[in-house]
Each structure stands twice: as C-alpha cells, then as structure tokens.
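> Have a look; sequence and predicted model below, questions after that.
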Amino acid sequence: MLWLMLKERITRTPYYLITDDSIIISTGLKTYQIHFADVECFYLTKVGPTKGRTTLIGIQYKKDVQLWENEDAEKAGRVIRRFNKIVAGIKKAIPAECLTIKPKDLCEILNERVILSQNI
C-alpha cells in the first residue's frame with residue numbers, strides 16, 4: 001500500500017479512476033478494469049485478525065460473468081479465488097484504506113455507477 005501511495009503522489013496518477021462505465025485500478029505493475037455492467041453490487045468487508053483488520057470493497061459479479069471468468073482463468077487464478085473465498089469470504093475485492101475517500105463513500109459511489117449502468 002505504501003508503494004501505491006508514493007507512486008500516486010510522485011506521478012500524480014490515481015490508484016482508482018472511476019469512469020461512467022468502469023473503475024480502472026492501476027497497481028503500478030498492472031492495470032485492471034472492472035466494468036459496472038458485469039457487477040451485481042459492491043460491498044464493504046474486513047479481513048485479517050481482529051486488531052488491525054483491513055477494509056476491502058468486495059465485488060459481487062453477476063452469475064454469468066462469474067461462470068465466464070472461472071472458465072477463462074488460469075489454474076493458479078482459480079486456486080487463489082477459491083482460497084480468498086474460504087479465508088476472506090470473497091473471491092475478488094479492491095483495497096479501500098489509505099485513500100482520500102472513506103471506504104463507505106467509495107462503495108456507495110461504485111454502487112451508484114452499477115445502478116446507472118443497468119439503466120442504460
């Protein structure tokens with residue numbers, strides 16, 4: 001997380017870029033895009049030991065997208081998702097701490113975009 005904060009400050013490149021149809025996540029090594037049309041909803045969750053828990057925004061994909069994603073993923077990716085589901089209760093999530101916006105507010109914005117994408 002420290003690397004991401006420094007990268008964002010030095011290069012003035014945002015970690016998250018929210019557009020009308022997706023959220024683009026730039027980790028510095030890779031860029032991911034989550035299309036709102038593929039998402040059922042976003043939700044807050046916490047993982048880790050009781051003290052020092054980390055807040056994440058879980059991603060609940062639509063059922064047909066989950067099936068496609070599982071078929072398309074490499075074996076290692078499927079194993080990691082299964083492990084995440086068992087340990088944290090989620091398959092995919094994005095970090096929601098150390099940002100300039102509160103996790104709850106970010107989650108609400110993302111869910112508003114999901115609703116808007118369904119109405120288009």
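Alright, I've got the coordinates.
> for residue 36, what are its contacts?
Applying C-beta atoms under 8 Å, 6 or more residues apart in numbering to residue 36 gives the contacts 21-23, 110, 113-114, 116-117. Bear in mind the C-beta positions are built from the backbone N, C-alpha and C, glycine included.
> Quickly check the residues you listed for the two that are furthest apart.
23 and 116 (12.9 Å; C-beta to C-beta).
> Pick out whichever of the two has more residues nearby.
Between residue 23 and residue 116, residue 23 has the larger neighbour count (other C-beta atoms under 10 Å), namely 22 against 12.
> How about that one, nearest residue that isn't a chain neighbour?
Nearest in space to residue 23, with sequence neighbours left out and distances taken as C-beta to C-beta, 6 or more residues apart in numbering, is residue 34 at 5.1 Å.
> re the thing from before, which one of the contacts of residue 36 is nearest residue 53?
Once C-beta to C-beta is applied, the member of the contacts of residue 36 that ends up nearest residue 53 is residue 110, at 20.5 Å.
> That closest one: which element?
Assigned by DSSP states H and E, residue 110 belongs to helix 103-119.
> Give me the residues contacting that helix.
16, 18, 20-21, 23, 35-37, 39-44, 55, 57, 96-97, 99, 101.
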